[in-house]
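Undergrad: Requesting a structural model of the entry that follows:
(one chain, ligands or ions: 1)
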Amino acid sequence: MEFRFHSPTEIRFGLGTLAELGHMAKRYGSTALLVSGPGREYGQTLESARDSLQRAGVEVIRYNQVVPNPTVDVVDRGARIAHKNRCQVVVAVGGGSAIDTGKGIAVAATHPGSVWDYMFFQDREPTEDTLPIVAVPTTSGTGSHTTLYAVITNTEHKVKSGIGNPNIFPRCAIVDPTLMISLPARLTACTGFDAFSHAFESYVNVSATPMTDILAMEAIRLIAKHLPAAIEDGEDIEARTNLAWADTLAGVCISNAGTTLPHAMGQPISGHFPQVSHGESLAAIYPAFLRYTCGAAPEKFIAVGEVLYADFRGGVR
Ligand SMILES: [Fe+2]
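TA: Got it, this is the predicted structure:
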């Protein structure tokens with residue numbers, strides 16, 4: 001047995017942990033760029049985040065222009081604001097789009113050129129100059145708070161691509177399930193399926209390890225059990241807590257084992273049609289992907305089937 005496992009993000013998990021944001025961010029600097037979307041969907045979350053930062057003596061510069069499927073323009077604009085205000089830490093609050101925008105800003109604010117120059121296929125890579133990132137997820141889907149990935153869309157070229165680099169691992173993630181209570185049912189379903197796909201694709205991945213297998217199966221089990229309840233009743237805090245934990249585990253899994261076909265195939269869909277959410281693009285691809293891939297890893301497919309359906313093995317005999 002031989003493998004490597006790397007997951008450097010400090011995780012603070014639990015109800016009410018948002019109050020610790022200021023204390024955590026203060027370690028990295030006294031001026032923070034607070035990255036978020038503009039919408040009312042945040043409720044009191046943004047104000048609570050700002051209050052916590054200010055109580056800890058952190059000056060807050062707001063950047064609330066995050067869009068779904070974050071674009072190069074939005075990231076580069078945020079980077080200029082961070083640079084101009086000499087921000088020392090990026091605090092990203094929101095779903096995957098906000099956290100990925102924060103990661104892109106952390107790179108572009110401290111490196112020459114545009115964030116697009118640092119996509120995985122380019123010559124340049126983010127260095128240790130990348131600003132420290134503190135991630136506060138408000139959805140349970142992308143796992144971005146525990147990954148080394150940021151997905152960015154170039155609207156000019158209609159290309160969705162990404163950065164994959166250890167320097168963009170958030171230094172710290174505050175996972176407070178109370179922040180997810182107001183997430184609407186449809187978004188809960190889309191982001192929940194994204195989390196499932198992270199766990200599943202890392203489990204059947206050729207790069208899977210004994211460590212990621214354990215974490216992925218636990219994430220799959222938790223999502224299968226709790227996602228329907230969270231869709232049915234968004235205020236079911238037990239379901240929200242378990243999904244937040246599953247999403248966190250699944251993010252650790254893809255950082256170490258990677259994703260497979262659906263994530264690669266979903267990117268051109270959202271590149272051409274930004275109105276299609278990441279989770280929706282995955283769901284459209286999954287039935288064909290499962291049929292195509294099943295024969296390559298039958299034992300793993302059966303193991304997942306047994307988690308999803310108690311009588312699965314009996315059913316396929
Ligand atoms: Fe994903």
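
Undergrad: burial of Arg171, as a residue count?
TA: A count of nearby residues for Arg171, using other C-beta atoms under 10 Å, gives 18. C-beta coordinates here come from the backbone N, C-alpha and C atoms, glycine included.

Undergrad: what's the closest non-adjacent residue to it?
TA: Pro132 (4.6 Å; C-beta to C-beta, 6 or more residues apart in numbering).

Undergrad: quick one: contacts for the one you found?
TA: Listed by C-beta atoms under 8 Å, 6 or more residues apart in numbering, the contact partners of Pro132 are Tyr28, Gly29, Gln88, Val89, Val90, Ala106, Arg171.

Undergrad: change it to 7 Å
TA: Tyr28, Val89, Arg171 (C-beta atoms under 7 Å, 6 or more residues apart in numbering).

Undergrad: from memory the last one sits against Leu131, does it?
TA: No - judged on C-beta atoms under 7 Å, Arg171 makes no contact with Leu131 at a distance of 9.8 Å.

Undergrad: What sits closest to His263 if chain neighbours are left out?
TA: What sits nearest to His263 in space, not counting adjacent residues and going by C-beta to C-beta, 6+ apart, is Glu201, at 6.6 Å.

Undergrad: The one you found: neighbour count?
TA: Neighbour number of Glu201 under other C-beta under 10 Å is 25.

Undergrad: same check, this time on Pro210
TA: Pro210 has 9 nearby residues by other C-beta under 10 Å.

Undergrad: and it, how far is that from Asn256?
TA: 11 Å (C-beta to C-beta, to the nearest Å).

Undergrad: do the same with Gly266
TA: Computed as C-beta to C-beta, the Gly266 to Asn256 distance reads 20 Å.

Undergrad: Looking at the two, which has the bigger crowd around it?
TA: Between Gly266 and Asn256, counting by other C-beta under 10 Å, Gly266 is the more crowded of the two (26 against 23).

Undergrad: Quick one: mean pLDDT for the helix or strand hosting that one?
TA: Here Gly266 sits within helix 261-272, counting by DSSP states H and E. Mean pLDDT, helix 261-272: 87.

Undergrad: which other residues reach the following helix or strand past it?
TA: Next helix or strand after helix 261-272 toward the C-terminus (DSSP H and E): helix 278-293. With contacts defined as C-beta under 7 Å, 6+ apart, helix 278-293 is touched by 141, 190-191, 193-194, 197, 204, 261-262, 265-266, 269-270.

Undergrad: In a markdown table: the residues you listed, plus distance to Gly78.
TA: As requested, the contacts of helix 278-293 are exported to a markdown table (distance: C-beta to C-beta, whole Å):
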| residue | distance to Gly78 |
| --- | --- |
| Gly141 | 22 |
| Cys190 | 24 |
| Thr191 | 22 |
| Phe193 | 28 |
| Asp194 | 23 |
| Ser197 | 28 |
| Val204 | 36 |
| Leu261 | 32 |
| Pro262 | 29 |
| Met265 | 29 |
| Gly266 | 24 |
| Ile269 | 25 |
| Ser270 | 20 |
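
Undergrad: Now which of those residues would you call buried?
TA: Buried members of those, scored by 16 or more other C-beta atoms under 10 Å, are Gly141, Cys190, Thr191, Phe193, Asp194, Ser197, Val204, Pro262, Gly266, Ile269, Ser270.

Undergrad: Identify the residue nearest the fourth one in space, chain neighbours excluded?
TA: What it means is Phe193. Gly279 (4.7 Å).

Undergrad: That neighbour: neighbour count?
TA: Around Gly279 there are 25 residues (other C-beta under 10 Å).

Undergrad: how about the most centrally placed residue in the chain, what does it touch?
TA: Centroid check for the chain by C-alpha atoms, centre = their mean gives Ser144 as the closest residue, at 2.1 Å. Contact partners of Ser144, counting by C-beta under 7 Å, 6+ apart, are Gly96, Ile99, Asp100, Ala135, Gly251.

Undergrad: Could you work out the most separated pair of those?
TA: Asp100 and Gly251 (12.1 Å; C-beta to C-beta).

Undergrad: who's more crowded, the two?
TA: Applying other C-beta under 10 Å to Asp100 and Gly251 shows that Gly251 carries more neighbours, namely 33 against 29.

Undergrad: from memory that one sits against Thr146, does it?
TA: Yes - applying C-beta under 7 Å as the test, Gly251 and Thr146 come out as touching, 3.6 Å apart.

Undergrad: Can you list the residue ranges for strands in the chain?
TA: Per DSSP state E, the chain carries strands over the ranges 10-13, 31-35, 59-63, 89-94, 133-137, 149-154, 159-164, 172-175.
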